[in-house]
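Undergrad: got a predicted model here, sequence first, then my questions.
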Amino acid sequence: MSESEIETIAMRPAPLPLDTAHDSEARLTPEFVAAVIEKVEDGDTEGARALVEPLHPADVADLFELAPREQRQALATVLGIDDLLDADVLAEMNDWVREQLIEVLTPSQVAELATQLDTDDAVAIIEDMEEEDQRAVLRAMEPDDRAAIEEALSYPEESAGRLMQRDLIAVPEHWKVADVIAYLRSNDDLTTDFWEVFVVDIAHKPVGTCKVSWVIRAPDDAPIADVMAREQTLIPAEMDQEDVALRFQKYALVSAAVVDRAGRLVGMITVDDVVHIIQEEAGEDTLLLSGAGDGDINEPIRFTVRTRLTWLIVNLGTAMVAASVVGLFQGEIARFALLAVLMPIVSGMGGNAGTQTLAVIVRALATNQLTSSNTARMIGREFRVALANGAALGTLVGLGTYVFYGNRDLALVIAMAMIINNLVAGLAGVLIPIGLERARVDPAVSSAVFVTMATDVMGFFSFLGLATLWGLGG
């Protein structure tokens with residue numbers, strides 16, 4: 001590491017003490033944010049910069065997200081592009097907020113910021129831009145940087161190729177430890193952030209990996225091939241980022257080599273990138289189950305309305321299907337009004353049971369806990385759970401109905417309907433997401449709609465159908 005790089009790291013400000021800009025949970029306080037915005041509005045550039053200057057880049061990014069939308073451009077002007085608002089801040093920023101800021105920057109400014117970042121962070125900034133703006137930014141970059149970004153953009157979205165960094169340390173397998181150390185010391189252009197040295201053969205295919213600590217402790221005359229670990233986890237460049245995160249979690253990886261279709265080393269992925277992916281994917285599945293889209297509070301209202309309204313309209317269609325089932329028994333309901341009072345209990349409890357099962361199954365699919373090897377066992381397990389819950393709920397509801405209304409037949413009907421609908425809810429909560437997964441459809445996106453329809457339709461049909469067969473409406 002050069003002296004200038006060491007000085008840069010030493011000069012990087014540490015986060016402010018918790019009793020000034022932050023609360024007890026390390027979040028920027030409303031008072032601090034308001035103070036900065038007030039100075040920006042008053043034209044007190046030096047005062048605003050003095051408050052922001054001690055902040056860590058992640059805190060500056062939070063400041064932009066917490067600031068009112070109409071104040072963000074002025075705040076960016078005060079802090080200065082490539083000054084307090086530098087590439088590190090941009091990399092930490094919320095996607096929607098960052099996109100808003102990039103719109104007011106020139107292509108040369110975006111290019112300058114992007115070249116200061118790791119390739120994966122630069123790609124994250126450029127990939128969301130309009131195609132014409134992308135070309136303008138790429139034209140303003142140096143040829144080597146432009147080639148790296150263009151190569152990354154050629155991979156599918158949310159793949160390892162988009163996520164990986166190009167800056168890594170790779171050495172030939174015939175070198176000795178002394179050669180590796182001399183190479184690391186004598187090349188100022190090498191990346192300074194790495195945990196492993198990748199060892200490659202003559203075709204640039206990874207044959208092993210060596211931790212930095214191993215290199216330091218090994219004898220100088222030892223062949224690097226004798227020091228390295230030959231077993232390693234290789235990540236195909238086309239692999240989905242969610243599968244990448246699962247491999248890091250399963251094998252406790254710190255970094256991993258990324259290879260192209262020919263098996264050549266093209267990049268690496270580090271655990272800090274994967275932490276963001278795990279967080280994003282976990283939140284994404286939860287939001288998709290509810291039909292809330294990205295669920296980002298910085299997302300423009302028009303996108304939020306469009307996403308939520310789409311699924312609300314779909315739910316309206318399934319509700320009409322359930323209503324049509326009720327319509328088949330309107331005569332019985334008219335003759336025995338208590339049916340209308342109690343039938344929402346059956347469908348509602350079934351819906352809750354289905355949602356519980358669905359959440360468990362979607363998570364199991366996302367984390368590879370549920371595979372073709374244990375699908376049958378999982379179906380049997382959820383069937384037994386649904387039967388037990390249905391019997392317990394049916395008994396409670398049946399007893400409650402008998403106590404309140406004194407009608408034994410009605411109590412038996414609602415108890416049986418509760419058992420039936422809980423069984424349907426359990427099976428639907430398992431089979432629907434598994435079926436969608438096998439059809440290569442994201443089960444988190446549309447499973448909830450089908451499960452809700454199944455429990456509503458079966459809840460109404462079982463309760464009203466049994467009531468009709470029992471002669472309650474006669």
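TA: All right, it came through fine.
Undergrad: and the helices in the stretch 51-200 of the chain?
TA: 57-66, 72-79, 87-92, 95-102, 107-115, 119-126, 131-139, 143-153, 160-163, 177-186 (DSSP state H, counting those that start in this stretch).
Undergrad: likewise for the stretch 301-450 of the chain?
TA: 301-327, 330-335, 338-366, 375-405, 408-438, 443-470.
Undergrad: where does this structure have low pLDDT?
TA: For the chain, the stretches with pLDDT under 70 are 1-19, 82, 279-299, 311, 473-474.
Undergrad: domain parsing for it?
TA: 3-159, 170-271, 301-470 (automatic domain parsing).
Undergrad: just say which of those is most tucked in.
TA: With neighbours taken as mean count of other Cβ atoms under 10 Å, the domains of the chain reach their highest mean count in domain 301-470, at a mean of 18. C-beta here means a position set from N, CA and C on the backbone, and glycine is covered the same way.
Undergrad: roughly how far is that one from the heart of the chain?
TA: Relative to the mean C-alpha coordinate of its chain, domain 301-470 is positioned 28 Å out (Cα atoms, centre = their mean, to the nearest Å).
Undergrad: list phi and psi for the closest residue to Thr191 other than its chain neighbours.
TA: Leaving aside its sequence neighbours, Thr191 sits nearest to Asp167 (Cβ to Cβ, 6 or more residues apart in numbering; 3.7 Å). Main-chain torsions, Asp167, degrees, to the nearest 10: phi -80, psi 110.
Undergrad: now do His22
TA: When quoted as degrees, to the nearest 10, the phi and psi of His22 stand at phi -120, psi 160.
Undergrad: also Gly263?
TA: The phi/psi pair for Gly263 (degrees, to the nearest 10) reads phi 90, psi 10.
Undergrad: okay if I get the domains of the chain as TSV plus distance to Ile277?
TA: Compiled in TSV, those are given as follows (distance: least, Cβ to Cβ, whole Å):
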stretch	distance to Ile277
domain 3-159	9
domain 170-271	5
domain 301-470	12
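Undergrad: how close does Arg162 sit to Gln241?
TA: 8 Å (Cβ to Cβ, to the nearest Å).
Undergrad: residue contacts, the nearest residue to Phe383 once chain neighbours are set aside?
TA: Closest residue in space to Phe383, ignoring its immediate chain neighbours: Gly426 at 6.0 Å, by Cβ to Cβ, 6+ apart. Residues in contact with Gly426 (Cβ atoms under 8 Å, 6 or more residues apart in numbering) are 353-354, 357, 382-383, 385-387, 389.
Undergrad: next: Ile202.
TA: Going by Cβ under 8 Å, 6+ apart, Ile202 touches Pro172.
Undergrad: could you look up the SS state of Pro219?
TA: What DSSP: H, G, I helix; E, B strand; the rest coil gives for Pro219 is coil.
Undergrad: show me what contacts it?
TA: Contacts of Pro219 (Cβ under 8 Å, 6+ apart): Val177.
Undergrad: sorry, back to before: looking at the helices of the stretch 51-200 of the chain, spot the one closest to Glu38.
TA: helix 72-79 (11.6 Å; Cβ to Cβ).
Undergrad: quick revisit: can I get the contacts of Gly426 in TSV with distance to Val451?
TA: Below are those laid out as TSV (distance: Cβ to Cβ, whole Å):
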residue	distance to Val451
Ala353	10
Gly354	4
Thr357	8
Glu382	12
Phe383	15
Val385	15
Ala386	12
Leu387	18
Asn389	15
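Undergrad: any idea which of those is closest to Phe248?
TA: Closest to Phe248, out of all of those and judged by Cβ to Cβ, is Thr357, at 28.3 Å.
Undergrad: just give the closest residue to that closest one, not the sequence neighbours.
TA: Gly429 (2.8 Å).
Undergrad: Leu387 too?
TA: With Cβ to Cβ, 6+ apart as the criterion, Leu387 has its nearest non-adjacent residue at 6.2 Å, and that residue is Leu423.
Undergrad: Asp145: what's its closest spatial neighbour, skipping adjacent residues?
TA: Per Cβ to Cβ, 6+ apart, closest to Asp145 is Thr115, 4.9 Å.
Undergrad: quick one, what contacts that neighbour?
TA: By Cβ under 8 Å, 6+ apart, Thr115 lies in contact with 122, 141-142, 145.
Undergrad: if we use 10 Å, what do you get?
TA: 87, 122, 140-142, 144-146, 148-149 (Cβ atoms under 10 Å, 6 or more residues apart in numbering).
Undergrad: CSV for these, including distance to Asp193?
TA: As requested, those are exported to CSV (distance: Cβ to Cβ, whole Å):
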residue, distance to Asp193
Ala87, 14
Ala122, 15
Ala140, 25
Met141, 21
Glu142, 20
Asp144, 19
Asp145, 17
Arg146, 22
Ala148, 16
Ile149, 19
